[in-house]
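Student: Okay, predicted coordinates and the sequence, questions at the end:
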Amino acid sequence: MDTLTVSQHIIEQQKQFPEATGEYTGLLENIILAAKIITREVRKAGLVEIMEITGKKNVQGEDVQKLDVFANDTMVKILGRGGHVCIMASEEVEDPIYPVDGYPIGKYVVSFDPLDGSSNIDVNASIGTIFGVHRRKSEGGRGTIDDLLQKGTELVGAGYVIYGSSTIMVYSAGFGVHGFTYDPSVGEFLLSHEDIRIPSKGSIYSINEGNTIYWDEPIRKYVEYLKSKHNHVKKPYTARYIGSLVADFHRNLLRGGIFLYPRDNKDPKKPHGKLRLLYEAQPLAYIVEQAGGAASTGTERILDIQPTELHQRVPLIIGSKEDVEMVEEFIAGKY
Ligand code: AHM
Ligand code: MG
């Protein structure tokens, strides 16, 4: 089998754009480099405990950073100096992030969650990095907030990295979805999952069922329906929930199924559920649609939502197309 690295694959795909300047490829190279550095640190995380250097200092007497802070700093430094971005948004940072002073400013806008599912770090469960790329709308200079607040339909690419039993990068630039597994012995992500297609319907559901009392009635009815042997597949769905979006999403992308973080009334300050539009919902919605699946709030396609705030939350119902459509039907009162 030919071995293709993620960079070679991106260069191949970019050949479809004879006018391409290589800037987009350069941006992705930066993201790949950040992913390699983050995976190295994630792999060391458990050892830090064993070596009893969990305090403020490591063996060299340097400050030990929390892994999510480290992941954020890595993305910000590499992209901020890479010359391809004009503005960025991160889950870890309240305000927009600009390229580092003195470094060139590019035409791309990147929103990212540097280390999602970070409550799973201490228990050694899978975590991930999520990113979405838009093209700037403003002209020249640093980017503006409006460059960040673009719809998912305007994305030029999106992806995630899952730090699981191996590290895998899943990526789309609008020509299908491809997965690359990291080979630490050569320091490269190698093509392992070409043209991923999500099954049109699955048999797995992923939702935090501890929140049942807070859900709206249609979601309660839907989940009861999935668990019934009188549902459309005549046997109960299987429940799988890690509480790490990338891990829950990745499994359902490969196997088929549905992930829900619906709106709920648990916290009046968060009426739209927990997950964020720009750097969690949008990139995964882009990927799932590229793979033949769907992503919705229950009443609206995720990619069609016009963001109004950087850290906006949104209900997320994502996965196999027929399963997502069925939730929309429950919400519309058809059952
Ligand atoms: P985080 O960005 O603070 O890590 O939170 C996001 C995570 C997602 O990975 C996951 O889907 C969700 O929170 C789980 O939330 P809950 O514990 O409420 O089920
Ligand atoms: Mg997150």
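Tutor: In hand now; what should we look at? Ligands and ions are numbered 1, 2, ... in the order given.
Student: List, one by one, the residues from the stretch 51-200 of the chain near ligand 1.
Tutor: Within the stretch 51-200 of the chain, the positions adjacent to ligand 1 are E91, D113, D116, G117, S118 by C-beta under 6 Å from any ligand atom. All C-beta atoms are positioned from the backbone trio N, CA, C, and that covers glycine.
Student: Of those - the most surrounded one?
Tutor: Among those, D113 has the most neighbours (other C-beta atoms under 10 Å), with 29 neighbours.
Student: do you know how far the closest residue to G22 other than its chain neighbours is from ligand 1?
Tutor: Nearest residue to G22, sequence neighbours excluded (C-beta to C-beta, 6 or more residues apart in numbering): Q14, at 7.5 Å. Distance from Q14 to ligand 1, counting by C-beta to the nearest ligand atom, to the nearest Å: 31 Å.
Student: Which segments of this protein make up each domain?
Tutor: For the chain, the structural domains run 6-193, 204-331, going by automatic domain parsing.
Student: For this protein, which segments are assigned as helices?
Tutor: Ranges of helices in the chain, per DSSP state H, are 6-14, 23-50, 67-82, 145-148, 217-226, 245-255, 282-290, 321-331.
Student: Is the residue in the chain that ligand 2 sits nearest to bridged to anything, and to what?
Tutor: In the chain, the residue that lies nearest ligand 2 is D116 (3.7 Å; C-beta to the ion). When assigned by DSSP bridges, D116 has beta-bridge partners G128.
Student: cool, and H134?
Tutor: When bridges are called by DSSP bridges, H134 pairs up with V109.
Student: again, but for G179
Tutor: Counting by DSSP bridges, the residues bridging with G179 are V170, H193.
Student: Check whether it really touches I168, as I assumed.
Tutor: Yes. Using C-beta atoms under 8 Å, G179 is in contact with I168, at 5.4 Å.
Student: intersection of neighbour lists for those two?
Tutor: Residues touching both G179 and I168 by C-beta atoms under 8 Å, 6 or more residues apart in numbering: S192, H193.
Student: quick check, stretch 306-320 touching ligand 1?
Tutor: No. Stretch 306-320 stays out of contact with ligand 1 when judged by C-beta under 6 Å from any ligand atom, the minimum separation being 8.4 Å.
Student: For G257, which residues are in contact?
Tutor: With C-beta under 8 Å, 6+ apart, G257 has these contacts: G202, S203, I204, Y205, S206, Y237, R240, R251, G319, S320, D323.
Student: any idea which of the domains of the chain is most buried?
Tutor: domain 204-331 (a mean of 19; mean count of other C-beta atoms under 10 Å).
Student: now it: mean pLDDT?
Tutor: The average pLDDT for domain 204-331 rounds to 97.
Student: Now the terminal residues of it, how far apart.
Tutor: 20 Å (C-alpha to C-alpha, to the nearest Å).
Student: Pull the contacting residues for A239.
Tutor: Applying C-beta under 8 Å, 6+ apart, we find A239 in contact with I204, Y205, S206, I207, E209.
Student: Please repeat the previous calculation with a cut-off of 10 Å.
Tutor: A239 makes contact with I204, Y205, S206, I207, E209, V223, L226, K227 under the criterion C-beta atoms under 10 Å, 6 or more residues apart in numbering.
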